[in-house]
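Enquirer: Please work out how this folds:
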Amino acid sequence: MPKLEFEPEVLRRAFAVARIVKPETNDFCLRFTDGGLTIVSQDKRRFVRSEVRPKTVVDGLSTDDFYLTSDRASLFDSDLESVTISVNEKSLTVIASGDGQTRQAVLKRRAERSRRPPIPARPPIDDAHEVDAPAFEELLKQVSCSALVKETKTDEEMRLNQVHFYPDHGCAVSNARFYASYSFLPGLSLDLSIVSADLPMIRQFCSQMKSGGKVLVRQDDRRLYVTDKVTGSVLSMTRVNCGRPPYQFLDESEFNTTVQVRRDVALKGLNWAVTALEGTQRITLDCQASPSGEPSSLTLLSDHTEIAQFKASVISGPGIRADFPARLLHSIFTYVEDGIVELRYGHKQLPTLIQIRHSDQKGPVRSFHFLQSMKARS
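Expert: Reported below is the predicted structural model:
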């Protein structure tokens, strides 16, 4: 009976990766092969293949598939010092031990279901693009702002709501009807599109990487693959064909007004405004340059009635006065990094568009959010 000893933290992380995709059959498939353990979870469009190596590899170990129901996966999530799995043809014995404690469970092998999909093979990685996992996660977080993630469920919505990557610009773009997000990462050469509903899973997969980890991103005619470079774990999803719009980014020098506010203060004011509004989501943002050069203030109004005010600095231009959907404005501010937020308005090409960004983006990912103002009431 082969015995494999695992570090609890490594095994715990492997199951955390496997849980990213909720199994359609309500169980995980476990297979011991190549001296390690493979855990697979699949639904209609996605699969995750999580790989974990024991402390000592058992050469030549290869088993048939075992199936573990989702509610029993916690048996592998131990807080003790070591986890040992003993393997035979009919069952797995899991023993967790340490600190004077021992816990044991026997998992009997279940018969394969006739319609169960086979374990997907490891994808090739020769032509994959290597990306820093934390930076990729941050980039996907930022473009999630305008990706309509929760609104992407049907086939038609998946075709329309996608994040598009432009390799010549190192940029990812999400675009809703009245707002959009752009995120730039130096060296990002991906030439693909990702369904908005898949963004949270890819972000979660990246978050499981160790500090400084890398992911390998690749697609073929049918699927997108994201692979952990160290462990070989893979998250994959079926592609949905769509039309990618041409790349376009506004020249920032053509905005005539720049205003700066503290993000924490503005977010509290916007949260108050969203709660205070009744029967409408229209809010007027008013910030005018002071003739004497004294500090200005940004005022939020509803139907000419002030509902919130906080300090602001008009860096250049005459100021801003325009109406915006309050919830969208508040939502965008939640994605901007804490500190000073810069608002730019009055662009020569699109004078009713506001740009919202952090004033001093020091990390590798630079992000810009845009929101169209509402048509002024007569």
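Enquirer: where does residue 375 fall, phi/psi-wise?
Expert: phi -60, psi 130 (degrees, to the nearest 10).
Enquirer: Residue 83 now?
Expert: The phi/psi pair for residue 83 (degrees, to the nearest 10) is phi -130, psi 130.
Enquirer: Sort out which residues of the longest strand anywhere in the chain are buried, please.
Expert: Longest among the strand segments of the chain by residue count, using DSSP state E, is strand 305-316. By 16 or more other CB atoms under 10 Å, the buried positions in strand 305-316 come out as 307, 308, 310, 312, 313, 314. (Glycine included, C-beta is placed from N, CA and C.)
Enquirer: And the strands in the stretch 251-378 of the chain?
Expert: 255-262, 282-288, 296-302, 305-316, 319-325, 340-347, 353-358, 366-372 (DSSP state E, counting those that start in this stretch).
Enquirer: right, so of those, which gets closest to residue 52?
Expert: Nearest of the strands of the stretch 251-378 of the chain to residue 52, taken as CB to CB: strand 366-372 at 33.9 Å.
Enquirer: For the most centrally placed residue in the chain, give its distance to residue 213.
Expert: Geometric centre of the chain, nearest residue: residue 203, 3.5 Å, by CA atoms, centre = their mean. Per CB to CB, to the nearest Å, residue 203 is found 14 Å from residue 213.
Enquirer: how about residue 72, secondary structure?
Expert: What DSSP: H, G, I helix; E, B strand; the rest coil gives for residue 72 is helix.
Enquirer: my read: it touches residue 94, true?
Expert: No: counting by CB atoms under 8 Å, residue 72 stays clear of residue 94, with 9.8 Å between them.
Enquirer: Overlap in contacts, these two.
Expert: residue 107 (CB atoms under 8 Å, 6 or more residues apart in numbering).
Enquirer: okay, those two: which has more neighbours?
Expert: The residue with more neighbours, out of residue 72 and residue 94, is residue 94; 19 against 13, by other CB atoms under 10 Å.
Enquirer: Can you name the residues that contact the more buried one?
Expert: 75, 76, 83, 84, 85, 104, 105, 106, 107 are the contacts of residue 94 under CB under 8 Å, 6+ apart.
Enquirer: Check residue 61 too.
Expert: Residues near residue 61 by CB under 8 Å, 6+ apart: 2, 4, 32, 33, 35, 87.
Enquirer: let's go with 6 Å and repeat that
Expert: Residues near residue 61 by CB atoms under 6 Å, 6 or more residues apart in numbering: 2, 32, 35.
Enquirer: Throw the residues you listed into JSON lines and include secondary structure, thanks.
Expert: Compiled in JSON lines, these are given as follows (three-state DSSP):
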{"residue": "2", "secondary structure": "coil"}
{"residue": "32", "secondary structure": "strand"}
{"residue": "35", "secondary structure": "coil"}
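Enquirer: Only whichever of those residues are buried, select them in ChimeraX.
Expert: Buried members of the contacts of residue 61, defined by 16+ other CB under 10 Å, are picked up in ChimeraX with:
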select :32,35
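Enquirer: Out of the contacts of residue 61, which is nearest to residue 45?
Expert: Proximity of the contacts of residue 61 to residue 45, judged by CB to CB, is greatest for residue 32, which lies at 27.2 Å.
Enquirer: in what helix or strand does the closest residue in space to that closest one that isn't next to it in sequence lie?
Expert: Nearest residue to residue 32, sequence neighbours excluded (CB to CB, 6 or more residues apart in numbering): residue 63, at 4.4 Å. For residue 63, there is no host helix or strand (DSSP states H and E).
Enquirer: Pretty sure residue 63 sits against residue 34.
Expert: No: using CB atoms under 6 Å, residue 63 is not in contact with residue 34, being 11.2 Å away.
Enquirer: Can you report the mean pLDDT over the residues of stretch 298-310?
Expert: Stretch 298-310 carries an average pLDDT of 94.
Enquirer: about what we covered before: and residue 227, which of the strands of the stretch 251-378 of the chain is closest to it?
Expert: strand 366-372 (25.1 Å).
Enquirer: so the closest one versus strand 340-347, what angle?
Expert: Between strand 366-372 and strand 340-347, the angle comes out at 50 degrees (axes from the mean of the first three to the mean of the last three CA atoms, to 10 degrees).
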